[in-house]
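After the sequence you'll find the predicted model.
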Amino acid sequence: QVQLVESGGGVAQDGGSLRLSCTASERTTRNAAMSWFRQAPGKEREFVAAITWNGHSITYADSVKDRFTIDKDNLSNTVTLQMNQLKPEDTAVYYCAARASYYIDSRNSKDWGYWGQGTQVTVSS
């Protein structure tokens with residue numbers, strides 16, 4: 001069973017930075033597409049960014065493009081999300097997700113089969 005464990009959440013000021021990490025428990029995730037989603041209170045879970053297992057293809061939500069960077073290290077089975085220029089509207093629980101596919105064409109959370117427990121990110125104004 002694949003387990004994903006996030007870390008790195010916390011509190012940042014408007015314009016600040018945070019770095020999230022997600023470590024997978026099994027080597028099989030080396031060939032899996034990985035992503036980050038987030039969910040703010042009272043809102044649906046939304047796509048943030050995704051990366052193919054080899055890092056050759058990356059996609060971002062428009063709301064975070066040019067501010068967030070997703071990266072993957074297959075040696076350590078870790079995917080990271082570097083978040084710069086944070087805004088109060090980035091406040092949410094951030095979830096790491098994986099799917100047993102090369103493709104990152106889906107931004108629907110239902111198409112991602114493995115999830116971490118989530119980590120809280122709070123941006124104060």
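Here it is on my side, so go on.

show me what contacts the residue nearest the centre of the chain?
Nearest to the mean C-alpha position of the chain, by Cα atoms, centre = their mean, lies Trp36 at 2.1 Å. Going by Cβ atoms under 8 Å, 6 or more residues apart in numbering, Trp36 touches 20, 22, 48-50, 70, 79, 81, 94-97. Glycine gets a C-beta too; all of them are placed from N, C-alpha and C.

Can you read off the pLDDT for Glu26?
For Glu26, the model assigns a pLDDT of 71.

Please report how far the nearest residue to it once chain neighbours are set aside lies from Tyr60.
Distance criterion Cβ to Cβ, 6 or more residues apart in numbering; nearest residue to Glu26, sequence neighbours excluded, is Val2 at 5.1 Å. The gap separating Val2 from Tyr60 is 24 Å, by Cβ to Cβ, to the nearest Å.

Highest neighbour count among the contacts of Trp36?
Neighbour counts for these, by other Cβ atoms under 10 Å, peak at Val79, which reaches 31 neighbours.

List the beta-bridge partners for that residue.
Per DSSP bridges, the residues bridged to Val79 are Cys22, Lys72.

In contact with it, which residues?
With Cβ under 8 Å, 6+ apart, Val79 has these contacts: 21-22, 24, 34, 36, 51, 70-73, 96.

Out of these, which is nearest to Ile104?
Distance to Ile104 across the contacts of Val79 (Cβ to Cβ) is lowest for Ile51, with 6.8 Å.

Against Ser35, how distant is that closest one?
7 Å.

Having no further points to raise, I will conclude here.
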